[in-house]
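Student: Just a sequence and a predicted model for now, questions to come.
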Amino acid sequence: MEILVTGGAGFIGSNFVHYLIANTDAHVTVLDALTYAGNQKSLASIAPERLAFVHGNICDVDLVNTLVEASDAVVHFAAESHNDNSLANPRPFIDTNLVGTYTLLEAVRRSGVRYHHISTDEVYGDLELDDPQRFTETTPYNPSSPYSATKAGSDLLVRAWVRSFGVRATISNCSNNYGPYQHIEKFIPRQITNVICGLRPKLYGSGQNVRDWIHATDHSSAVWQILQNGRIGETYLIGADGEMSNRAVLSLILTLMGQPADAFDHVSDRPGHDMRYAIDSRHLRTQLGWAPSFSDFQSGLAATIEWYRDNEDWWRSAKQATEAFYAARGQ
Ligand code: NAD
Ligand code: DAU
């Protein structure tokens, strides 16, 4: 099987490629523009006979048509993915998340190739801390940030291409991922690398906001299950029952790294900051028999901390620019 993975040099895309190499016989082609968030080193350990890397943009119609036609399936991870960046400059989010997805959809429409669309729980907006509900496949879309609005728009494009043009597509909306190869702009690796660098971690606002954490390997196994057995046109929510407040996650990072649990700074809150995400993944579990394998967040987090300690050459060159971006925003 030939699988085209867009955004395969990014965080979850590279974890998915490693998952495919370890668990299937597939040959993988990665299409990635290597933006600031892409890192080819994340794929360096994979044998060249299993992986082809194409440096290019998902908005490039001819390139996308050629690569899609040569594939049995497309799994589309490529995106501008960071909320704070979307608040600073939404334009690249429109181009990549909307026009890029449109370009891929037109290519799979022409060729009939199976398509899986990677999306986020943020399309559903947020929940109150005490709301007994969690997000399900029927929760109405209500995105808050330019990032989540473009992801919501891209999901709706997929649904329209399925219904109007018969494209063979599935969609998954996953909660917050953690694990190796995540860019240090994101919450968990930012705080881990701050401690390694002797900087104080930074918590937005009160830190009461809740995210629903899942290991990137569990996200990958769910996507592979959906790609093989998912029903065309169906949406699947992926989550591992990992709700935790930002403050609790940060205290755990500090404790695991031998620091006092309160050795962090409160900084300016994110404008429009979503309060809580929570996924009800029963549909995926009952329909496709998927279950997460990383059940202990603390040990998954400890392994992630070790990975950043052991792979400083992977992230060090991005640290200064990342912190300069945040400092200019009071974060
Ligand atoms: P990331 O920012 O780490 O990686 C994105 C990758 O896409 C990078 O390698 C980048 O170079 C590439 N890319 C960006 N624009 C491109 C373009 N125009 N053409 C080709 N390649 C391009 O992102 P991530 O956190 O790995 O997220 C991957 C996908 O998963 C996204 O669609 C995101 O919305 C979704 N998602 C992420 C999370 C999370 O917790 N990170 C949770 C749910 C869903
Ligand atoms: O829910 C899925 C989404 O999870 C994905 O769609 C996004 O691509 C991914 O980036 C992530 O979005 P978040 O905005 O939740 O992730 P982030 O790592 O940016 O922030 C997690 C929480 O931590 C959020 O409540 C903001 C807070 N935060 C973040 C940073 C960078 C801090 O308190 N301090 C920080 O320094």
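Tutor: Thanks, I have the structure now. Numbers count the residues shown, from 1 in each chain. Ligands and ions are numbered 1, 2, ... in the order given.

Student: roughly how far is whatever helix or strand R159 lives in from the heart of the chain?
Tutor: According to DSSP states H and E, R159 maps onto helix 146-165. Distance of helix 146-165 from the chain centroid (CA atoms, centre = their mean, to the nearest Å) equals 17 Å.

Student: quick check, that helix touching ligand 1?
Tutor: Yes: using CB under 6 Å from any ligand atom, helix 146-165 reaches ligand 1 at K151. C-beta coordinates here come from the backbone N, C-alpha and C atoms, glycine included.

Student: And for H82, the neighbour number?
Tutor: By the other CB atoms under 10 Å criterion, the neighbourhood of H82 contains 18 residues.

Student: With L129 instead?
Tutor: 13.

Student: is it fair to say it lies in a helix?
Tutor: No: when DSSP: H, G, I helix; E, B strand; the rest coil is applied, L129 is found to be coil, with no helix at that position.

Student: okay but it is in contact with V210, surely?
Tutor: Yes: A contact is recorded between L129 and V210 when judged using CB atoms under 8 Å, the distance being 6.5 Å.

Student: Common neighbours of the two, please.
Tutor: Among the neighbours of L129, those also in contact with V210 (CB atoms under 8 Å, 6 or more residues apart in numbering) are 275-276.

Student: For L256, list the residues it contacts.
Tutor: For L256, the contact set (CB under 8 Å, 6+ apart) comprises 298, 301-302, 305.

Student: And Y178, by the same measure?
Tutor: Residues near Y178 by CB under 8 Å, 6+ apart: 188, 213-216, 300-301, 304.

Student: ok, 10 Å please
Tutor: With contact set as CB atoms under 10 Å, 6 or more residues apart in numbering, Y178 has these partners: 11, 186-189, 211, 213-216, 219, 242, 249, 294, 297, 300-301, 303-304.

Student: The residues you listed: which ones sit near ligand 1?
Tutor: Answer for the contacts of Y178 near ligand 1 (CB under 6 Å from any ligand atom): F11.

Student: Buried among the contacts of Y178? Need that as a selection in ChimeraX.
Tutor: Written as a ChimeraX command, the selection of buried residues from those, which uses 16 or more other CB atoms under 10 Å, is:
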select :11,186,187,188,189,211,213,214,215,216,219,242,249,294,297,300,301,304
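
Student: neighbours around E2, how many?
Tutor: Per other CB under 10 Å, the neighbour tally for E2 reads 14.

Student: What of the one 3 residues further on?
Tutor: V5 has 28 neighbours, counted by other CB under 10 Å.

Student: so it sits in a strand?
Tutor: Yes: for V5, which was evaluated using three-state DSSP, the result is membership in a strand.

Student: Quickly note the distance from it to ligand 2.
Tutor: Distance of V5 to ligand 2, given as CB to the nearest ligand atom, to the nearest Å: 17 Å.

Student: For that residue, list each beta-bridge partner.
Tutor: Each beta-bridge partner of V5 is listed here, defined by DSSP bridges: V30, V75.
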